[in-house]
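A.B. asks: Have a look at this prediction, sequence included:
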Amino acid sequence: MYFIALTIFPEMFDLFWNHGIVRRAIEHKKIFPSAVNIRDYTKDRHQVTDDRPYGGGSGMVMKPEPLAAAIRDIARKQSGTKTVLLTPQGQIFNQEMARTLALSEGLILVCGRYEGIDERICDDLIHYEISIGDYVLTGGELAAMVVIDAVTRQIPDVLGGEDAAEMDSFSDGLLEHAQYTRPEIFEGREVPQVLLSGHHREIENWRMESSVMRTLLKRPDLLQKKSLNRQQRDILAKWRHKIEKILDSHK
Ligand code: 4GX
C-alpha cells in the first residue's frame, strides 16, 4: 500500500518511517511511504504555498494551485489512490475507518497548516476528510502519522504473531485486559495469582473478565454498542449480583 504525505515539512516524517511496525512494514514491502514537499509543485520564483484569506482576517490559507498540481500528479502516477484531508472538520477517525482505508491501494494524505486549505480543493480533489479528535493541532502532519500507523496495522501480515491476537480485542469492541510483568510483587502489590498458575483456560477466563469490567468502568459507551456473548453477559451478571449484595447489606 502506498502512503504519500503532502506537506511543507516532509522532514517531520523521517523518524516516523524509521521505527517500529511502520519500519518493519516498509522492510517487508507491505507499505511504500513517502513525504512529498508541496513546495515542489509551486511555479513562482519564491515557491509560495500560502496566501492571505479573501475577506480579510488573521492567518494564512494554503494556495490551491500547488496542492491541486501535487494531488493530480501523484494520483496519475499511482492509480487507485484515495485522497485524505486531515482537518478538525473531518469525521472522527476510528478503528473501523482504519480497516476500511487499509483496503485501498494507496492514500494521499494532505497535511494542511495555518487556517487550512482553499475550499475548492476540498470540493474537487478530496475523497475523505478525517479528524483524529476534537482538539487543535498546528498542522495535519501528526494526524497523518496517526492515520498511517493505524492503517498499516490493518494490512495483512504486518503484525507478527503476538500482536495479531491483539487485533481481536478492539475489533471485538472491548478494551484490552490488564497486563502484568515481572517482578511478582511491585511496591507491595501482587500480580493476580491465576496469571502465574499456568492454567491456560483459567487465564483466558480471567482476561475476558478483565476486558469486560475495564470496558464497563472506563468506556461504558463501548459496552452499550456491542453485542455481548454468553460469557460476557455472565461476567456482568456476576458483578451485578456482587453489587446488589453490597447494597442489600446497607439496607
Ligand atoms: N485532526 N489540524 C490541520 C490546518 C487545516 C485546517 C482546515 C485543513 C483544513 C487536526 C485534527 C487539526 C489543525 C490539522 C488545523 N487544514 N487534523 N490544520 N484535530 O487539528 O486532524
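C.D. replies: Nice, thanks for sending it over.

A.B. asks: A75 against I108, yeah?
C.D. replies: Yes. Look at A75 against I108 with C-beta atoms under 8 Å: they come within range, at 6.8 Å. Where you see a C-beta, it was placed from the backbone N, CA and C, and this is true even at glycine.

A.B. asks: any common contacting residues for the two?
C.D. replies: In terms of C-beta atoms under 8 Å, 6 or more residues apart in numbering, A75 and I108 are both contacted by the residues 81, 83.

A.B. asks: neighbour count winner among the two?
C.D. replies: The neighbour comparison of A75 against I108 (other C-beta atoms under 10 Å) goes to I108, with 24 against 17.

A.B. asks: On the C-terminal side of the helix or strand containing that one, identify the next helix or strand.
C.D. replies: Here I108 is covered by strand 106-111, with elements defined by DSSP states H and E. Next helix or strand after strand 106-111 toward the C-terminus (DSSP H and E): helix 119-125.

A.B. asks: Not counting its neighbours along the chain, what's nearest E115?
C.D. replies: Excluding its sequence neighbours, the residue lying closest to E115 (C-beta to C-beta, 6 or more residues apart in numbering) is G59, at 4.1 Å.

A.B. asks: thought that neighbour was touching G112?
C.D. replies: No. Counting by C-beta under 8 Å, G59 stays clear of G112, with 11.6 Å between them.

A.B. asks: returning to that earlier point: flag every buried residue along the strand holding I108.
C.D. replies: Using 16 or more other C-beta atoms under 10 Å as the test for burial, strand 106-111 gives 106-111.

A.B. asks: picking that back up, more neighbours: G59 and G112, which one.
C.D. replies: Remark: of G59 and G112, G112 carries more neighbours, 26 against 11, as counted by other C-beta under 10 Å.

A.B. asks: how distant is the strand holding I108 from the center of its chain?
C.D. replies: Distance, stretch centre to chain centre, for strand 106-111: 14 Å (C-alpha atoms, centre = their mean, to the nearest Å).

A.B. asks: can you check stretch 244-251 too?
C.D. replies: Using C-alpha atoms, centre = their mean, the offset of stretch 244-251 from its chain centre is 43 Å.
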